[in-house]
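[1] return atomic coordinates for the entry below.
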Amino acid sequence: MTIYADLAVAYDITLVAVCAFALIRGGPPERWGALVNLAGSCLSSAARLSGFASWAPMEALVLVIDGLVAFGFYRLATTTTRFWPIWALGFAFADLYASIAGRFLPHAVLLAYETGLSVYSYLALFALALGTLRLSAMADPQLRSGTRPPWPPQTTRSESESSSSSPDPSSKA
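    Okay, the predicted model is just below:
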């Protein structure tokens, strides 16, 4: 087995282990993050191994997949109280930037380009693992769900009527 095959197997083992950990122990944001990581990795690998995409930088199909992964982490980062999706989004953007920059640097070594992409993938998995690990197994349902409260806060009609009966301190009569 070559070193490249060993590295691919190591990444696959890490991917499966981190995503299984997030699916079993995490809340809904961690589960979605695991699915985003799994889908992005499987789709990219399938596209490249089937011949629909090459290993060259800025390959259109892989760029679309990476863009969808970035969008998935963006949605997670904006709809949850968790902090790890922001880091994963940053790593997804770095992956997109490396792909686009690799296209405009034709003398860049392909190994350096692919190594950079795998580093960002490992970092996104690390952010997911750390976010899952930080979530207590005994967390209350609100914390486990990770949902962000609506903004502006919704008030009921009875609350707004009772607050309107109090005088406004800013108005001088």
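
[2] can you classify the spatially most central residue of the chain by secondary structure?
    The centre of the chain sits closest to residue 73, judged by C-alpha atoms, centre = their mean, with a distance of 3.3 Å. Secondary structure of residue 73, reduced to three states by DSSP: H, G, I helix; E, B strand; the rest coil: helix.

[3] can you pull the contacts of it?
    33, 36, 85, 88, 89, 92, 124 (C-beta atoms under 8 Å, 6 or more residues apart in numbering). C-beta coordinates here come from the backbone N, C-alpha and C atoms, glycine included.

[4] contacting residues around the spatially closest residue to it that is not a sequence neighbour?
    Distance criterion C-beta to C-beta, 6 or more residues apart in numbering; nearest residue to residue 73, sequence neighbours excluded, is residue 89 at 4.0 Å. Residues in contact with residue 89 (C-beta under 8 Å, 6+ apart) are 70, 73, 74, 76, 77.

[5] going by distance to residue 29, which of those residues wins?
    residue 76 (5.7 Å; C-beta to C-beta).

[6] any idea how far residue 131 is from residue 6?
    According to C-beta to C-beta, to the nearest Å, residue 131 and residue 6 sit 28 Å apart.

[7] in terms of neighbours, single out the busier of those two.
    More neighbours surround residue 131 than the other of residue 131 and residue 6, with 23 against 10 (other C-beta atoms under 10 Å).

[8] inside helices: which ones of the contacts of residue 73?
    Of the contacts of residue 73, the ones assigned to helices by DSSP state H are 33, 36, 85, 88, 89, 92, 124.

[9] residue 102 versus the second one, what's the distance?
    Looking back up the chat, that one is residue 36. As defined by C-beta to C-beta, residue 36 lies at a distance of 23 Å from residue 102.

[10] swap in the last one?
    As for residue 124, its distance to residue 102 is 18 Å (criterion: C-beta to C-beta).
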